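Colleague: All I have is the shape, not the residue letters:
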């Protein structure tokens, strides 16, 4: 299943081939039949093959074989292959490669971090923020989901997440506590999550009826203590950890037994080394 529309596929193609493939044109590389094969030079979790297959379809290339996104592959494995006119194969070349190496890079890093967290706390979810590179959201979300994570928020319209910046307009923290009964009544089918930086804040918020606490930049020690106390007093409240969590400290944060770890670092994953063979 592709996460992006045909219009977006066309935009990716047009971005790299706005008019013609000048090199193929001047060399007379046009109607000859050929084959294209993308392969990985390293072990990885593959992602983006469905989108590359859509690129193939738009360029009249027949997909011959494909590894589904989310599958583990080993160095040397082919990810997707296709047959078609030589000119079309060269048009697809870099578009497909850019999708596969970047998406697979994110999926691979995600799987690594998910495995690290769940080896310590099987029920802790890995969640990603909205701090991605503009214009890449659909592919980035597919990549992290292929690696086993979930998006924290797909957009502002999706969930209620209250930050200190909001409090500046509603008479501060005390203003929020007073407003909670109104929010709970108005948004009866939505969870209300609030950012907190101290245990004391979290306790006040839980007493006011919030559905979840997102702790920002707490140390592992302080977070562990907070989770232990809140789980005892407010067992139904969702507890999240955010702020500077990456592959160097995710195991420690997972050991606190929070419900979810919110991170941005997955979007900056190093691309996988994907090679391409094009021949007759």
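Modeller: Thanks, I have the structure now. As the structure is a computational prediction, the values presented were derived from the model and not from experiment. Numbers count the residues shown, from 1 in each chain.
Colleague: buried ones in stretch 13-31?
Modeller: Residues of stretch 13-31 classed as buried: 13, 17, 21, 24, 29 (neighbour count, 16 or more other Cβ atoms under 10 Å). Yep, even glycine has a C-beta here, placed from its N, CA and C like the rest.
Colleague: any idea of the mean pLDDT in that stretch?
Modeller: Across stretch 13-31, pLDDT averages out at 95.
Colleague: Any idea how far apart the tips of that stretch sit?
Modeller: Separation of the first and last residues of stretch 13-31 by Cα to Cα, to the nearest Å is 19 Å.
Colleague: neighbouring contacts of it?
Modeller: Counting contacts by Cβ atoms under 8 Å, 6 or more residues apart in numbering, the residues outside stretch 13-31 that touch it are 55, 58, 59, 85, 86, 87, 90, 91, 92, 94, 95.
Colleague: Can you tell me which of the buried residues of stretch 13-31 comes closest to residue 207?
Modeller: Nearest to residue 207, judged by Cβ to Cβ, of these is residue 13 at 55.4 Å.
Colleague: Could you chop this protein up by domain?
Modeller: Listed by automatic domain parsing, the domain ranges of the chain are 6-109+270-279, 114-268.
Colleague: What segments of the stretch 151-280 of the chain are strands?
Modeller: With strands called from DSSP state E, counting those that start in this stretch, the stretch 151-280 of the chain shows them at 160-162, 192-196, 212-216, 238-242, 260-263, 274-279.
Colleague: who does the fourth one pair up with?
Modeller: According to DSSP bridges, the neighbouring strands of strand 238-242, each with its direction, are strand 212-216 (parallel), strand 260-263 (parallel).
Colleague: try the first one
Modeller: In the sheet containing strand 160-162, its partner strands are strand 192-196 (parallel), by DSSP bridges.
Colleague: what's residue 1 in contact with, if anything?
Modeller: Contacts for residue 1 (Cβ under 8 Å, 6+ apart) come out as residue 50.
Colleague: ok, so of the contacts of stretch 13-31, who is nearest residue 69?
Modeller: Out of the contacts of stretch 13-31, the member with the shortest distance to residue 69 (by Cβ to Cβ) is residue 55, at 14.4 Å.
Colleague: From residue 67, how far off is that closest one?
Modeller: Separation of residue 55 from residue 67 (Cβ to Cβ, to the nearest Å): 16 Å.
Colleague: related to what we said a few turns ago, now restrict the contacts of stretch 13-31 to buried residues only.
Modeller: 55, 58, 59, 85, 86, 87, 90, 91, 92, 95.
Colleague: Show only the entries of the residues you listed found in helices.
Modeller: 55, 58, 86, 87, 90, 91, 92, 95 (DSSP state H).
Colleague: which of these lies closest to residue 279?
Modeller: Nearest member of these to residue 279, counting by Cβ to Cβ, is residue 86, at 9.4 Å.
Colleague: Wait, the closest one touches residue 36, no?
Modeller: No. Taking contacts as Cβ atoms under 8 Å, residue 86 lies outside contact range of residue 36: 9.5 Å.
Colleague: who touches both of these two?
Modeller: residue 278.
Colleague: For residue 121, which non-adjacent residue is spatially closest?
Modeller: The spatial neighbour of residue 121 that comes closest, neighbours along the chain excluded (Cβ to Cβ, 6 or more residues apart in numbering), is residue 254 at 4.4 Å.
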